[in-house]
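>>> Sharing a sequence plus its predicted fold:
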Amino acid sequence: MIYRHQECKSIDDISASKYNIIKDINMYLGIDFGSTTTKIVLMDNYKIVDKKRIERSESYLDALSTMDLSEVTKIMIVGTGASYIDGDILGIETVRVDELQAVGLGGYFLSDIDECMV
């Protein structure tokens, strides 16, 4: 898929048109279940509020218990370990995100390029 800055001015535009994942969500959690580490980031209006990096052998649920998730309305998961997660996490709506799409769009928004193909 080709994205152009004139068509998508913010992550909201892409999310609304492609996934409808984070539109109208203020507080959300992203978890990357990697092969050796798990990365967790808590976002509020696209700003990082809290983040954790834990070894694969550690429990991600223990790490989440140290974070204030009271206002989180959606959790987005990615990575090799995400396939082992069934259903919602801690009763919060949980959505699996395609890793290549996430990496491509992340790079796109961090760059100054006008268009990209993901």
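Great, that's in hand.
>>> Skip ahead from the helix or strand hosting Gly106 and say which helix or strand is next.
Assigned by DSSP states H and E, Gly106 belongs to helix 99-110. Counting by DSSP H and E, the next helix or strand C-terminal to helix 99-110 is strand 115-117.
>>> ok so, going back, who are the packing partners of the helix holding Gly106?
In terms of contacts (3 or more CB pairs under 8 Å, 6 or more residues apart in numbering; DSSP states H and E), helix 99-110 is packed against helix 11-14, strand 115-117. (C-beta placed from N, C-alpha, C; glycine too.)
>>> One more pass at 10 Å, please.
On a contact count with 3 or more CB pairs under 10 Å, 6 or more residues apart in numbering; DSSP states H and E, helix 99-110 meets strand 2-4, helix 11-14, strand 27-33, strand 74-78, strand 115-117.
>>> Only the buried residues of stretch 29-40, if you could.
For stretch 29-40, the neighbour count (16 or more other CB atoms under 10 Å) marks 29-34, 38-40 as buried.
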